[in-house]
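> I would like to see how this sequence folds:
(2 chains)
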Amino acid sequence: MPNHRTTVESIYQAFGRGDMPAIVDKLSPQVRWEAWHDHFAQRAGLPHLAVRHGPDGVLAFFNAIGSGYQFHEFKVLDVIGDGAQIAVEVTVDCTVRATGRRFFDEELHLWSFDEVGRVSRMRHYVDTAKHLWACAAAAPA
Amino acid sequence: MAQLTQIVEEIFANFGRGNVVGIVDTFADNIRFVHPGGPDIPYAKDRRGKQQAAAFFADLVDCVEVTRFEPLTYVEQGNKVVALGRWAGRARRTGRPFEADWAMCWTFEGGKVVDYQEFDDTRAVANAMAA
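Below you'll find the model as predicted:
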(Lines give C-alpha, C1' and ligand atoms only; values in the text may rest on other atoms or scores of the structure.)
Protein backbone atom coordinates (compact mmCIF):
# COMPACT_ATOMS: atom_id res chain seq x y z
CA MET A 1 0.00 0.00 0.00
CA PRO A 2 1.47 3.44 -0.89
CA ASN A 3 1.81 5.78 2.06
CA HIS A 4 -0.95 8.31 2.46
CA ARG A 5 1.35 11.25 1.90
CA THR A 6 2.33 9.90 -1.52
CA THR A 7 -1.35 9.34 -2.33
CA VAL A 8 -2.23 12.93 -1.46
CA GLU A 9 0.67 14.31 -3.48
CA SER A 10 -0.47 12.25 -6.47
CA ILE A 11 -4.03 13.61 -6.13
CA TYR A 12 -2.81 17.24 -6.36
CA GLN A 13 -0.63 16.32 -9.33
CA ALA A 14 -3.65 14.73 -11.02
CA PHE A 15 -5.73 17.84 -10.25
CA GLY A 16 -3.04 19.96 -11.89
CA ARG A 17 -3.27 18.02 -15.14
CA GLY A 18 -7.06 17.63 -14.98
CA ASP A 19 -6.84 13.85 -14.63
CA MET A 20 -10.09 13.06 -12.79
CA PRO A 21 -9.91 9.24 -13.22
CA ALA A 22 -6.56 9.25 -11.38
CA ILE A 23 -8.23 11.09 -8.48
CA VAL A 24 -11.29 8.85 -8.39
CA ASP A 25 -8.97 5.84 -8.32
CA LYS A 26 -7.75 6.94 -4.87
CA LEU A 27 -11.22 7.29 -3.32
CA SER A 28 -13.19 4.93 -1.13
CA PRO A 29 -16.62 4.07 -2.59
CA GLN A 30 -17.95 5.54 0.67
CA VAL A 31 -15.85 8.71 0.60
CA ARG A 32 -17.40 11.62 2.52
CA TRP A 33 -16.51 14.99 1.00
CA GLU A 34 -17.01 18.05 3.22
CA ALA A 35 -18.50 16.12 6.12
CA TRP A 36 -19.05 18.74 8.84
CA HIS A 37 -21.18 18.98 11.96
CA ASP A 38 -22.23 22.44 10.78
CA HIS A 39 -20.76 24.89 8.30
CA PHE A 40 -21.97 28.32 7.21
CA ALA A 41 -20.74 27.93 3.62
CA GLN A 42 -22.95 24.85 3.42
CA ARG A 43 -25.85 26.65 5.04
CA ALA A 44 -25.44 29.32 2.33
CA GLY A 45 -25.43 26.65 -0.38
CA LEU A 46 -21.98 27.30 -1.87
CA PRO A 47 -21.60 24.50 -4.45
CA HIS A 48 -17.85 24.03 -4.02
CA LEU A 49 -18.23 23.35 -0.29
CA ALA A 50 -21.39 21.20 -0.44
CA VAL A 51 -21.59 17.82 1.24
CA ARG A 52 -20.94 15.06 -1.28
CA HIS A 53 -20.76 11.29 -1.02
CA GLY A 54 -18.97 8.67 -3.08
CA PRO A 55 -16.77 9.08 -6.16
CA ASP A 56 -19.64 10.50 -8.25
CA GLY A 57 -20.16 13.18 -5.63
CA VAL A 58 -16.46 14.04 -5.75
CA LEU A 59 -16.61 14.28 -9.54
CA ALA A 60 -19.54 16.68 -9.11
CA PHE A 61 -17.32 18.79 -6.84
CA PHE A 62 -14.60 19.03 -9.47
CA ASN A 63 -17.21 19.84 -12.11
CA ALA A 64 -18.53 22.61 -9.85
CA ILE A 65 -15.13 24.25 -9.39
CA GLY A 66 -14.23 23.72 -13.06
CA SER A 67 -17.34 25.47 -14.32
CA GLY A 68 -17.79 28.00 -11.55
CA TYR A 69 -14.29 29.28 -10.85
CA GLN A 70 -11.37 30.60 -12.84
CA PHE A 71 -8.11 29.70 -11.10
CA HIS A 72 -5.32 32.24 -11.51
CA GLU A 73 -3.04 30.31 -9.17
CA PHE A 74 -3.31 27.20 -7.03
CA LYS A 75 -0.26 26.43 -4.90
CA VAL A 76 0.42 23.51 -2.60
CA LEU A 77 2.69 24.98 0.09
CA ASP A 78 3.23 21.90 2.21
CA VAL A 79 2.00 18.37 2.78
CA ILE A 80 2.05 17.53 6.48
CA GLY A 81 1.80 14.13 8.15
CA ASP A 82 2.42 10.49 7.40
CA GLY A 83 -0.32 8.82 9.42
CA ALA A 84 -4.02 8.25 8.91
CA GLN A 85 -4.62 11.96 8.32
CA ILE A 86 -2.71 14.26 6.00
CA ALA A 87 -2.99 18.07 6.15
CA VAL A 88 -2.16 20.21 3.13
CA GLU A 89 -1.50 23.95 3.15
CA VAL A 90 -2.77 25.56 -0.03
CA THR A 91 -3.11 29.08 -1.44
CA VAL A 92 -5.83 29.82 -3.96
CA ASP A 93 -6.24 32.86 -6.19
CA CYS A 94 -9.43 32.61 -8.20
CA THR A 95 -12.43 34.42 -9.63
CA VAL A 96 -16.01 33.29 -9.20
CA ARG A 97 -17.35 33.34 -12.77
CA ALA A 98 -20.93 34.16 -11.77
CA THR A 99 -19.98 37.28 -9.79
CA GLY A 100 -16.63 38.30 -11.27
CA ARG A 101 -15.28 38.57 -7.72
CA ARG A 102 -11.65 37.56 -7.31
CA PHE A 103 -10.26 36.39 -3.99
CA PHE A 104 -7.10 34.99 -2.45
CA ASP A 105 -7.36 32.47 0.35
CA GLU A 106 -5.03 30.40 2.46
CA GLU A 107 -6.67 27.03 3.00
CA LEU A 108 -6.00 23.82 4.84
CA HIS A 109 -7.17 20.55 3.29
CA LEU A 110 -7.55 17.53 5.55
CA TRP A 111 -7.45 14.05 4.03
CA SER A 112 -8.45 10.92 5.98
CA PHE A 113 -7.93 7.33 4.88
CA ASP A 114 -9.56 3.95 5.35
CA GLU A 115 -7.79 0.73 6.33
CA VAL A 116 -6.85 -0.11 2.74
CA GLY A 117 -5.37 3.28 1.93
CA ARG A 118 -8.26 4.95 0.10
CA VAL A 119 -9.50 8.47 0.83
CA SER A 120 -12.44 8.14 3.21
CA ARG A 121 -13.01 11.84 4.01
CA MET A 122 -11.89 15.24 2.79
CA ARG A 123 -12.47 18.67 4.31
CA HIS A 124 -11.56 22.16 3.07
CA TYR A 125 -10.85 24.52 5.99
CA VAL A 126 -11.42 27.94 4.40
CA ASP A 127 -12.27 31.53 5.32
CA THR A 128 -16.00 31.01 4.84
CA ALA A 129 -16.84 34.73 5.12
CA LYS A 130 -14.51 35.42 2.20
CA HIS A 131 -16.00 32.60 0.12
CA LEU A 132 -19.56 33.82 0.76
CA TRP A 133 -18.51 37.33 -0.29
CA ALA A 134 -16.91 36.04 -3.51
CA CYS A 135 -20.05 34.09 -4.38
CA ALA A 136 -22.28 37.04 -3.36
CA ALA A 137 -24.16 34.61 -1.18
CA ALA A 138 -26.41 35.92 1.54
CA ALA A 139 -25.15 35.21 5.04
CA PRO A 140 -27.27 32.44 6.53
CA ALA A 141 -29.20 33.05 9.72
CA MET B 1 3.95 12.20 21.85
CA ALA B 2 5.95 14.29 19.42
CA GLN B 3 7.83 17.19 21.01
CA LEU B 4 6.27 20.03 19.01
CA THR B 5 2.76 18.70 19.59
CA GLN B 6 3.52 18.85 23.31
CA ILE B 7 4.36 22.55 22.97
CA VAL B 8 1.06 23.19 21.16
CA GLU B 9 -0.79 21.28 23.88
CA GLU B 10 0.91 23.48 26.48
CA ILE B 11 -0.18 26.57 24.52
CA PHE B 12 -3.77 25.33 24.60
CA ALA B 13 -3.52 24.55 28.32
CA ASN B 14 -2.24 28.08 28.95
CA PHE B 15 -5.06 29.46 26.80
CA GLY B 16 -7.52 27.63 29.07
CA ARG B 17 -5.87 29.18 32.13
CA GLY B 18 -5.71 32.65 30.60
CA ASN B 19 -1.91 32.57 30.86
CA VAL B 20 -1.03 34.76 27.87
CA VAL B 21 2.53 35.27 29.12
CA GLY B 22 3.04 31.51 29.05
CA ILE B 23 1.70 31.35 25.50
CA VAL B 24 3.75 34.24 24.15
CA ASP B 25 6.88 32.78 25.74
CA THR B 26 6.73 30.03 23.10
CA PHE B 27 6.68 32.59 20.24
CA ALA B 28 9.69 33.76 18.26
CA ASP B 29 10.28 37.52 18.22
CA ASN B 30 9.41 37.71 14.52
CA ILE B 31 6.30 35.51 14.60
CA ARG B 32 3.69 35.84 11.84
CA PHE B 33 0.33 35.39 13.55
CA VAL B 34 -2.69 35.23 11.23
CA HIS B 35 -6.36 34.90 12.08
CA PRO B 36 -8.75 35.13 9.11
CA GLY B 37 -12.13 36.79 9.08
CA GLY B 38 -11.79 40.31 7.78
CA PRO B 39 -13.37 43.45 9.24
CA ASP B 40 -16.47 41.71 10.62
CA ILE B 41 -14.33 40.01 13.26
CA PRO B 42 -12.34 42.64 15.19
CA TYR B 43 -9.64 40.27 16.47
CA ALA B 44 -9.06 38.76 13.00
CA LYS B 45 -5.87 40.38 11.79
CA ASP B 46 -2.57 39.63 10.18
CA ARG B 47 -0.10 40.35 12.99
CA ARG B 48 3.68 40.48 13.14
CA GLY B 49 5.91 40.11 16.21
CA LYS B 50 5.36 39.03 19.80
CA GLN B 51 3.69 42.23 20.93
CA GLN B 52 1.02 42.18 18.22
CA ALA B 53 0.51 38.44 18.69
CA ALA B 54 0.01 38.95 22.44
CA ALA B 55 -2.59 41.64 21.71
CA PHE B 56 -4.68 39.04 19.86
CA PHE B 57 -5.66 37.38 23.12
CA ALA B 58 -6.91 40.64 24.66
CA ASP B 59 -8.77 41.47 21.45
CA LEU B 60 -10.37 38.01 21.42
CA VAL B 61 -11.53 38.26 25.03
CA ASP B 62 -12.94 41.74 24.33
CA CYS B 63 -15.13 40.26 21.57
CA VAL B 64 -15.92 36.72 22.65
CA GLU B 65 -16.75 34.76 25.74
CA VAL B 66 -15.22 31.39 24.86
CA THR B 67 -17.51 28.69 26.23
CA ARG B 68 -15.78 25.66 24.73
CA PHE B 69 -12.37 25.05 23.20
CA GLU B 70 -11.76 21.49 22.15
CA PRO B 71 -8.60 20.34 20.33
CA LEU B 72 -9.38 16.95 18.79
CA THR B 73 -6.52 15.84 16.54
CA TYR B 74 -2.88 16.69 15.91
CA VAL B 75 -0.80 16.05 12.80
CA GLU B 76 2.94 16.68 13.21
CA GLN B 77 5.72 16.41 10.71
CA GLY B 78 9.09 18.11 10.53
CA ASN B 79 8.80 21.61 11.96
CA LYS B 80 4.99 21.84 11.71
CA VAL B 81 2.03 20.87 13.83
CA VAL B 82 -1.52 21.02 12.52
CA ALA B 83 -4.14 21.00 15.27
CA LEU B 84 -7.81 20.39 14.49
CA GLY B 85 -10.72 21.03 16.77
CA ARG B 86 -13.91 22.83 17.58
CA TRP B 87 -14.86 25.86 19.65
CA ALA B 88 -17.95 27.63 20.84
CA GLY B 89 -18.51 31.07 22.22
CA ARG B 90 -20.78 34.04 22.59
CA ALA B 91 -20.23 37.44 21.01
CA ARG B 92 -20.12 39.90 23.90
CA ARG B 93 -21.67 42.78 21.94
CA THR B 94 -24.72 40.86 20.72
CA GLY B 95 -24.97 37.94 23.12
CA ARG B 96 -25.33 35.61 20.13
CA PRO B 97 -23.72 32.15 20.39
CA PHE B 98 -21.73 30.35 17.73
CA GLU B 99 -19.90 27.08 17.18
CA ALA B 100 -17.26 26.31 14.57
CA ASP B 101 -14.61 23.80 13.58
CA TRP B 102 -11.08 25.16 13.33
CA ALA B 103 -7.64 24.17 12.13
CA MET B 104 -4.37 25.74 13.23
CA CYS B 105 -1.01 25.36 11.57
CA TRP B 106 1.98 26.01 13.86
CA THR B 107 5.47 26.31 12.36
CA PHE B 108 8.55 26.14 14.57
CA GLU B 109 12.16 27.21 14.30
CA GLY B 110 14.60 26.55 17.13
CA GLY B 111 11.74 25.38 19.35
CA LYS B 112 9.80 28.66 18.97
CA VAL B 113 6.66 29.38 16.95
CA VAL B 114 7.57 31.49 13.91
CA ASP B 115 4.28 31.16 12.03
CA TYR B 116 0.70 30.63 13.17
CA GLN B 117 -2.16 30.40 10.70
CA GLU B 118 -5.70 29.76 11.84
CA PHE B 119 -8.55 28.46 9.66
CA ASP B 120 -12.09 28.95 10.90
CA ASP B 121 -15.74 29.04 9.83
CA THR B 122 -15.42 32.81 9.89
CA ARG B 123 -18.99 33.42 8.70
CA ALA B 124 -20.33 31.56 11.74
CA VAL B 125 -18.34 33.87 14.02
CA ALA B 126 -19.10 37.03 12.03
CA ASN B 127 -22.83 36.25 12.12
CA ALA B 128 -22.73 36.08 15.91
CA MET B 129 -20.97 39.46 16.01
CA ALA B 130 -23.49 41.12 13.70
CA ALA B 131 -26.31 43.01 15.38
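> tell me the contacts of the most centrally placed residue in chain B?
Centroid check for chain B by CA atoms, centre = their mean gives residue B:118 as the closest residue, at 6.3 Å. Contacts for residue B:118 (CB atoms under 8 Å, 6 or more residues apart in numbering or on different chains) come out as B:34, B:35, B:36, B:102, B:103, B:104. All C-beta spots, glycine's among them, are computed from the backbone N, C-alpha and C.
> try residue A:29
The neighbours of residue A:29, taking CB under 8 Å, 6+ apart as the test, are A:54, A:55.
> what does residue B:114 give?
Neighbour list for residue B:114: B:28, B:30, B:31, B:32, B:107, B:108 [criterion: CB under 8 Å, 6+ apart].
> how would you label it: helix, strand or coil?
Per DSSP: H, G, I helix; E, B strand; the rest coil, the secondary structure class of residue B:114 is strand.
> What score does it have for pLDDT?
pLDDT, residue B:114: 98.
> For residue B:52, which non-adjacent residue is closest in space?
Distances taken as CB to CB, 6 or more residues apart in numbering or on different chains place residue B:33 nearest to residue B:52, at 6.8 Å, with adjacent residues excluded.
> Kindly report the same for residue A:88.
Nearest in space to residue A:88, with sequence neighbours left out and distances taken as CB to CB, 6+ apart, is residue A:109 at 4.3 Å.
> Look up which residues are beta-bridged to the residue nearest to the centre of chain B.
Under the criterion DSSP bridges, residue B:118 forms beta bridges with residue B:104.
> how near is it to residue B:41?
11 Å (CB to CB, to the nearest Å).
> what does residue A:135 give?
Remark: distance between residue A:135 and residue B:41 (CB to CB) = 19 Å.
> Can you report how many residues lie near residue A:63?
A total of 12 residues lie near residue A:63 under the criterion other CB atoms under 10 Å in any protein chain shown.
> Just to be sure, it is in a strand?
No - read with three-state DSSP, residue A:63 is helix and lies in no strand.
> If you count neighbours, what's buried in stretch B:63-82?
Buried residues in stretch B:63-82, counted by 16 or more other CB atoms under 10 Å in any protein chain shown: B:63, B:64, B:71, B:74, B:75, B:76, B:77, B:79, B:80, B:81, B:82.
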